[in-house]
Each structure stands twice: as C-alpha cells, then as structure tokens.
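K.L.:
With the input below, show me the fold.
(one chain, ligands or ions: 2)
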Amino acid sequence: VKALVLHGIRDLRVEEVAKPKPSAGEVLIRVKACGICGTDLHFYKGEWRVKLPLIPGHEFSGIVEEVGPGVEELEEGMPVVAEPNITCGRCYYCRMKDRNFYCPNIRAVGVDVDGAFAEYVKVPAGNVYTIPRGMPFEEAALIEPLACCLRGLDNVGIELGDTVAVVGVGPIGLLMIQLSKIWGAVKVYAIDLIRERLNLAKQLGADVIVNASKEDPVKAVLSDTNDVGVDVAIEAAGSSRAMDTAVKLARRGGRVLIFGVAPQEEEWRLRPFELYEKELTIVASYRSPYTFQRAVRVASSGRVLLGPIISHVMPLERGPEAFEKLSKKTHGMIKVVLKP
Ligand SMILES: [Zn+2]
Ligand SMILES: [Zn+2]
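P.N.:
Ligands and ions are numbered 1, 2, ... in the order given. As a prediction, this is how the structure comes out:
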C-alpha cells in the first residue's frame, strides 16, 4: 500500500509499504484525509528530531477497515478519527487525578510510530472516536488540531467579556479565533503578516485585523484598547517573535497562552522585569489530553467552521511537493489536506 515515508531532512518519498495488521485491541483505519501540521514541517526541516524512517501524519480521519481481536465497540465501515497520542496507563503521570499527556512512555502516531500519510494506519481502539456519517473527511481531519486548541483554551481560561489577541492566524489561529468567540470573548484581534489569512480571520469572526508587515501590532492593539492591552494573548505561530508580541499585547495582570510549537532548539529571551511589572500569567499547552470527545462534538455542532480553513486538498502522491511548498512558507496555503 502507498505511504509517504520521511527518510531525512527534506527527503520525503512516496513508497509502497506493507499493509499494517491490527493486533489485539487495535483498529486498522483506511485513511480518507490527513492534514499537514506545523509539527510535520518541523520533522521535514529537521527542527524536531524523530526516529527515521517514519510515516508522518497525526491529523486524520477515515473508515474502520478491520478490528483486532478483543475490539467490540467498533466495526468495519464506521467513520472515525483518532487521538494520535498513546499513553502507558501505568506510570506516575498516567495515574494522576487530572488526566494529562505527561507520560514519559508516550508514543504518538505519526511522531514515534507510523502515521496516517498512508492508505492505512493502525491505532489502539481506545484512541478511536466515531464521527457523524456525512461529516466531510477533510474537515474531520481538523478535529485533532481542534482538540489541541481546546486544551490550550482550557489552560488559559477565557472569561465572558474578555478581549483576546491571536498572534498568527494559520489553521490554529483561525480555530482559536472562533473558539474564543464561543468561549465569551467580546473582541478578538487577529495579527499576521499575510493579508489573505487576515481576510479569512475576519470572515471567521475576528473583530480587528492587524497586518504586522504594515504596522506595529503592539501599537495598533494598545491604541485600540486605551493603552490597556488585551486580557488574553494567544501565540499561535511557534516563533519567539510572535511570543514577544503576545507578551507585549497582554494587559497588566493578563494571561498569555504559548501555543505554537517552536523548533526544538529555538530559544526565547524574556525580560523578567516586564513579567514582574505586568504580573503576567504565561501558560503553555501540550497536545490534546482527553479533549477529543469534546472536539468531535464541537466539530459536529457546526459552531466552528472547519471548511474555510482548508485551502488545498491534494492526493497523497503530491505530498512531497506540498511539504516542500509549505516549508518555504508559500503564500496562499493555509491547511493542506492529503487524500490517499
Ligand atoms: Zn498537529
Ligand atoms: Zn504513562
């Protein structure tokens, strides 16, 4: 069967691989759609070291093809998505009261084990969630990033009446804008360098858009908030520059969510006096611990628009080309979904 195999930095190939066989407790999924994530691009560019060769792909949807022995709750033909993170269930962190993904034995599909840029992928049955029949598979592939956004917003805690700034409006930022509004934000600022993305942000609910390639976003937001800043600043770009902007946009006593995944070795310089003076709360967010069920429900409700975030749907065979373009920040591409 066909798969995209990453062999080295910028070396992604379309190859024939053996069809995976589900073991006891596992489910084999026929992949219908899989989104390219910033994380995948980190692997591709060597900014996040993973064991190679690897079939990447962790944002996917598909149809149950076969269930392994002992799997009762799922059957062939069901439309599904899957939580890519597999925890051990036995370690200190796995047995804490608050469910999390701090497990030192965590393995993620498409990161540590073969993922879904392939015709088939296998996952433990406990990681599989059914989706409504008729939900477009391309949109369902966005449930994984949506689940991650829910974790981030749970952590930072938006309150009714808050003002929010989203720094970076790629696929994640566009989800964050919509979710912030649902969560009770009354004014959302979208900041990016690319005009097309900002226009889409506006369509999806941003109240004010700021093109940081044309004006200083900090000045723009401060002047619009009577020099106060926003209650919550969300960094959704994975760059230390965007993090700087987020810290500057937050009001005194405000909250900052560092959400974007930066390259593994990137460093971020902070001025501690600014944190002290503003009494800032900075929170991070790691993957999607037990937020999948809720993400499926949110996606099914239609209250978050996923379709407009998908700029390109391409066949799996064009994966290498899509990765290369995205890694060069080709304008006009937002979320690219590959279909085997
Ligand atoms: Zn992702
Ligand atoms: Zn564990």
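K.L.:
Check the secondary structure at V221 for me.
P.N.:
Secondary structure state of V221, per DSSP: H, G, I helix; E, B strand; the rest coil, is helix.
K.L.:
do you know how far it is from E139?
P.N.:
Counting by Cβ to Cβ, to the nearest Å, the gap from V221 to E139 is 31 Å. Just so you know, the C-beta spots here come from the backbone N, C-alpha and C atoms, and that holds for glycine as well.
K.L.:
So if I had to pick from those two, which one is more boxed in?
P.N.:
More neighbours surround V221 than the other of V221 and E139, with 25 against 22 (other Cβ atoms under 10 Å).
K.L.:
So that one is in contact with L249, correct?
P.N.:
Yes - V221 is in contact with L249 according to Cβ atoms under 8 Å; the separation is 5.2 Å.
K.L.:
so what sits against both of the two?
P.N.:
Common contact partners of V221 and L249 (Cβ atoms under 8 Å, 6 or more residues apart in numbering): 165, 189, 191, 229-230.
K.L.:
Helices of this protein, start to end?
P.N.:
Here the chain has its helices, by DSSP state H, at 38-45, 137-140, 143-156, 171-183, 195-203, 217-224, 240-249, 272-278, 292-301, 319-327.
K.L.:
ok, now which ones touch the nearest residue to L54 once chain neighbours are set aside?
P.N.:
Take L54 and drop its neighbours on the chain: the residue closest to it by Cβ to Cβ, 6 or more residues apart in numbering is L6, 5.1 Å away. By Cβ under 8 Å, 6+ apart, the contact set of L6 is 12, 43-44, 50, 52-56.
K.L.:
In strands only, show me the residues you listed.
P.N.:
L12 (DSSP state E).
K.L.:
Now that we have the contacts of L6, which of them are buried?
P.N.:
Those of the contacts of L6 that meet the buried threshold are 12, 43-44, 50, 54-56, by 16 or more other Cβ atoms under 10 Å.
K.L.:
and G8, what is it in contact with?
P.N.:
Counted by Cβ under 8 Å, 6+ apart, G8 has contacts L52.
K.L.:
One more: the one 4 residues further on?
P.N.:
Under the criterion of Cβ under 8 Å, 6+ apart, the neighbours of L12 are 4-6, 44, 319-320, 323.
K.L.:
6 Å instead, please
P.N.:
L12 makes contact with 4, 6, 320, 323 under the criterion Cβ atoms under 6 Å, 6 or more residues apart in numbering.
K.L.:
what's the most distant pair in the residues you listed?
P.N.:
Across the contacts of L12, no pair lies farther apart than L6 and P320, at 9.8 Å, counting by Cβ to Cβ.
K.L.:
And the pLDDT for the residue positioned nearest the centre of the chain?
P.N.:
Computing the C-alpha centroid of the chain and ranking residues by Cα atoms, centre = their mean puts P145 first, at 3.1 Å. At P145, the model reports a pLDDT of 98.
K.L.:
Quick check: closest non-adjacent residue to the closest residue to ligand 1 within the chain.
P.N.:
The chain approaches ligand 1 most closely through C37 (3.0 Å), counting by Cβ to the ion. In space, and not counting its chain neighbours, C37 is closest to E59: 5.5 Å by Cβ to Cβ, 6+ apart.
K.L.:
neighbours around the one you found, how many?
P.N.:
Close neighbours of E59, defined as other Cβ under 10 Å, add up to 28.
K.L.:
What residues does the chain have near ligand 2?
P.N.:
Proximity of the chain to ligand 2 (Cβ under 5 Å from the ion) is limited to residues 87-88, 91, 94, 103, 105.
K.L.:
Generate a PyMOL selection restricted to the buried subset of those.
P.N.:
Buried subset of the residues of the chain next to ligand 2, written as a PyMOL selection, criterion 16+ other Cβ under 10 Å:
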select buried, resi 87+94+103
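K.L.:
Pipe the residues of the chain next to ligand 2 into a markdown table and attach pLDDT per row.
P.N.:
Converted to a markdown table, these look like this (pLDDT from 0 to 100):
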| residue | pLDDT |
| --- | --- |
| T87 | 97 |
| C88 | 97 |
| C91 | 98 |
| C94 | 97 |
| C103 | 98 |
| N105 | 98 |
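K.L.:
Which of the residues of the chain next to ligand 2 sits closest to V283?
P.N.:
Top of the list for closeness to V283, among the residues of the chain next to ligand 2 and by Cβ to Cβ, is C103 at 20.1 Å.
K.L.:
which residues sit in contact with that closest one?
P.N.:
87-88, 91, 93-94.
K.L.:
Hmm, F117 is touching F60, no?
P.N.:
No - using Cβ atoms under 6 Å, F117 is not in contact with F60; the gap is 8.4 Å.
K.L.:
what is in contact with these two at once?
P.N.:
C34.
K.L.:
For E277, the count of nearby residues, please.
P.N.:
With other Cβ under 10 Å as criterion, E277 counts 10.
K.L.:
which one is it nearest to, not counting chain neighbours?
P.N.:
Per Cβ to Cβ, 6+ apart, closest to E277 is R252, 7.6 Å.
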